[in-house]
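A.B. asks: Sequence and predicted structure below; questions after.
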Amino acid sequence: MTLSNQKYFLNENTAMPNKVGHEAHYNDGKHTVNVKLSLIEFEEDGLFFVYSPALDLTGYGKTHEEARDSYNIAMEEFIKYTTNKKTAAEVLSNLGWNVSKKKSISAPSLSELLQSRGYLEEIFTEKQFRKTDEEVSIPSFA
C-alpha cells in the first residue's frame, strides 16, 4: 500500500484532482485482478471515514484505525459476496466500470464518479481530506 500524507482542501482557488487513480492487472495463474484504488479519508461530525469512490464502499469509526478496519471489512465482504454469487462483473459494471470479456477492467473516470456519486463532490469541495492509494486483489469474474 502506498500512503500519501498530503492533505487536500479544495475551495474556489484550488483545482479539483483530475484523477482518482485506478490501475488494474490480471493474473491468470490465480485468476485475480489487482486493482489500484484511491481511497479518500476524511473526518465528519467526530467520526473518521475511508471511502472508495470507484467501489462506493465506506468504512468509518471513532478513530482513523477503526475507520480503516471498517473499510477493510467492507472490502473483504464485497469481494466474498461478489465471488460467491459470481456477480463481480455485473456489480462492477453497475458501479460504472468498463468490464470486457477479455479480462480487462477499468474504473470510471473522476468526472464520471463525480456525476454518479454526489457525495464525492461534497467531500472534494467542503471537507479536508487525504487521498491514499491501495492495491487490492479482486478474484477473476470470467
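C.D. replies: Looks like it arrived, so ask away.
A.B. asks: So what's the gap between the longest helix seen in the chain and the chain middle?
C.D. replies: For the chain, the helix with the greatest residue count under DSSP state H is helix 64-84. The chain centroid and the centroid of helix 64-84 are separated by 11 Å under CA atoms, centre = their mean, to the nearest Å.
A.B. asks: Only the buried residues of that helix, if you could.
C.D. replies: 67-68, 70-71, 74-75, 78-79, 82 (16 or more other CB atoms under 10 Å). Placement of C-beta: from N, CA and C, glycine included.
A.B. asks: in what helix or strand does K131 lie?
C.D. replies: strand 128-139 (DSSP states H and E).
A.B. asks: what packs against that strand?
C.D. replies: Where contact means 3 or more CB pairs under 8 Å, 6 or more residues apart in numbering; DSSP states H and E, strand 128-139 is packed against strand 7-9, strand 32-44, helix 64-84.
A.B. asks: Output the ones you listed as CSV; include the columns mean pLDDT and distance to S104.
C.D. replies: Formatted as CSV, the helices and strands packed on strand 128-139 follow (pLDDT from 0 to 100; distance: least, CB to CB, whole Å):
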stretch, mean pLDDT, distance to S104
strand 7-9, 33, 30
strand 32-44, 84, 9
helix 64-84, 90, 18
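A.B. asks: ok so, going back, now, the most widely separated pair of the buried residues of helix 64-84?
C.D. replies: For the buried residues of helix 64-84, the maximum inter-member distance is 22.5 Å, found between A67 and T82 (CB to CB).
A.B. asks: Next, count neighbours for A54.
C.D. replies: 24 (other CB atoms under 10 Å).
A.B. asks: Go ahead and report the secondary structure state at it.
C.D. replies: Under DSSP: H, G, I helix; E, B strand; the rest coil, A54 falls in the coil class.
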